[in-house]
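Asks: Using only what follows, build the 3D model:
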Amino acid sequence: MKYFGTDGFRGEANVDLTVEHAYKIGRYVGWYYGARKGVKARVVLGKDTRLSSYMFESALTAGLVASGADVYMLHVIPTPGLAYETVDGRFDCGIMISASHNPYKDNGIKLVNSEGYKMDEEVLELIEEYIDSRDQLPLATGDSIGATIDYMQGRNRYIGYLIASANFSLQGVKVGLDCANGAASSVAKPVFDALGADVRVINNAPNGYNINVDCGSTHIDRLRRHVVEQGLDVGFAYDGDADRCLAVDERGNVVDGDLILYVCGVYLNKHGRLSGGTVVPTVMSNFGLLKALEQAHLSYETTGVGDKNVYACMRKNHYSLGGEPSGHTIFGDIERTGDGIMTSLRVMEVIRAERETLSTLCAPVKMYPQNLVNVRVKDKEAAMEDEAVKAAIQEASDFLGDRGRVLVRASGTEPLIRVLAEAPTKDLCKEANAFVLKALESLRAEE
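Replies: The predicted structure is shown next:
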């Protein structure tokens, strides 16, 4: 696709993604769903806290109502909250304005269908055609013009849903939250407060510019210090739109998405709630996680990178748990997308039920050292199909055997081949990578 990638239409605000793009997306979506139904479309709209989100909210709203759609405005809300309310409120579709973990200068527009899943590609293709065309859609007139509705009760219902999903008390538990100055700022603390936790929040004062700046799941050192200095039991860090969550244990150690998969997978399996006894990580998950899952007698099925691929595998095979090291964790029995706040609640459920610290729950997993080398090549597709490269990958795999693995893949956005080795020592990683790097030498691009 030209505009919509795996995570929506994203780019620098008014450079790659402009206000005109947003207006035309609104125009087409409002017309498309209205024409299908024969009555006004109902669209729910949410945003994160970055400066340009308000501009895009106005442009989308103008386009939607001009095409005759009624727009229900959630204002600032996590992306998973938008997806939840799209289903709960029986809307035709939902639109989220966010660039997730990106800097404030970037923004994005993500569409979800009436079932809360990422929008069907055929619809996105139609939107792209309209953006690039000079076709004119009919403008609504008279009482056919759409209305805007302040839909704050939708956000309140989402908060209520999160609270109701937790059948435990957090009374006496000291919890640190890093809201990344993003969409979690108005949601996470009320949820933990309602469950009785002693909540210590940082980075929950968004000003339009500070989203993800030295904070949140992409800059977790501040939360690590916060947990240790305040003597907290656990900490959770979200990204800008709160669909990711990383944790920090009571010792200040980072608990990434792989460790969260292990902790929750073992617990759910123990209680008969892990469908098929299977966890769904991606190819980027640490080899140590895979070994630990095997030792815990759990199966796993790896997918390509991206929560979209994780959920597709889960949905196809009816699995109930999957995710990425970055903190996109999906609990398939209760949600359709990663939800950072829900992830933190599920981790707290394990801690409370097992009466163990998070460090103890993570202890069986021994993360393997990694060595990642990016090689700039002339043609990444040709490099991946090169027979010498394929043979070198096999040599590296044979060299490591069951001690580790080598993963070679093309970058999705740059002319790079990413060569990743995992093994018990860094020296072994480098030795394994050397086989592949030598084969790629003749395919390198000129500096």
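Asks: can you map out the helices along the stretch 101-250 of the chain?
Replies: Assigned by DSSP state H, counting those that start in this stretch, the helices in the stretch 101-250 of the chain fall at 121-132, 152-164, 188-194, 221-230.
Asks: Take the second one, keep the C-alpha atoms, and write them as PDB.
Replies: In this case it means helix 152-164. C-alpha atoms of helix 152-164 as PDB (Å, rounded to 0.1, in the frame of the first residue of the first chain):
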ATOM      1  CA  MET A 152     -16.800  11.000  27.200                       C
ATOM      2  CA  GLN A 153     -19.000   8.300  28.600                       C
ATOM      3  CA  GLY A 154     -17.400   5.900  26.200                       C
ATOM      4  CA  ARG A 155     -14.000   6.500  27.800                       C
ATOM      5  CA  ASN A 156     -15.600   6.000  31.200                       C
ATOM      6  CA  ARG A 157     -17.000   2.700  30.100                       C
ATOM      7  CA  TYR A 158     -13.600   1.600  29.000                       C
ATOM      8  CA  ILE A 159     -12.200   2.400  32.400                       C
ATOM      9  CA  GLY A 160     -15.000   0.500  34.000                       C
ATOM     10  CA  TYR A 161     -14.300  -2.500  31.700                       C
ATOM     11  CA  LEU A 162     -10.600  -2.500  32.800                       C
ATOM     12  CA  ILE A 163     -11.600  -2.400  36.500                       C
ATOM     13  CA  ALA A 164     -14.200  -5.100  36.100                       C
END
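Asks: ok, and for that helix, which residues are buried?
Replies: For helix 152-164, a neighbour-count test (16 or more other C-beta atoms under 10 Å) marks 154-155, 157-159, 161-162 as buried. Where C-beta positions appear, they are placed from N, C-alpha and C, glycine not excepted.
Asks: Repeat that for the first one.
Replies: Neighbour-count burial for helix 121-132, counted by 16+ other C-beta under 10 Å, picks out 123-124, 127-128, 130-131.
Asks: That one - what's its average pLDDT?
Replies: Confidence over helix 121-132 (mean pLDDT, whole number) is 96.
Asks: Report all helices and strands that that helix contacts.
Replies: Here helix 121-132 is seen to pack against strand 4-5, helix 19-37, strand 106-113 when contacts are counted using 3 or more C-beta pairs under 8 Å, 6 or more residues apart in numbering; DSSP states H and E.
Asks: then that helix to PDB, C-alphas only?
Replies: Taking only C-alpha atoms (Å, rounded to 0.1, in the frame of the first residue of the first chain), the coordinates of helix 121-132 have been written out as PDB:
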ATOM      1  CA  GLU A 121      -7.200  -4.000   3.400                       C
ATOM      2  CA  GLU A 122      -9.700  -3.700   0.600                       C
ATOM      3  CA  VAL A 123     -11.300  -0.700   2.400                       C
ATOM      4  CA  LEU A 124      -7.900   0.900   3.000                       C
ATOM      5  CA  GLU A 125      -7.100   0.500  -0.700                       C
ATOM      6  CA  LEU A 126     -10.400   2.300  -1.700                       C
ATOM      7  CA  ILE A 127      -9.400   5.100   0.700                       C
ATOM      8  CA  GLU A 128      -6.000   5.400  -0.900                       C
ATOM      9  CA  GLU A 129      -7.500   5.500  -4.400                       C
ATOM     10  CA  TYR A 130      -9.700   8.400  -3.300                       C
ATOM     11  CA  ILE A 131      -6.800  10.300  -1.700                       C
ATOM     12  CA  ASP A 132      -4.900  10.300  -5.000                       C
END
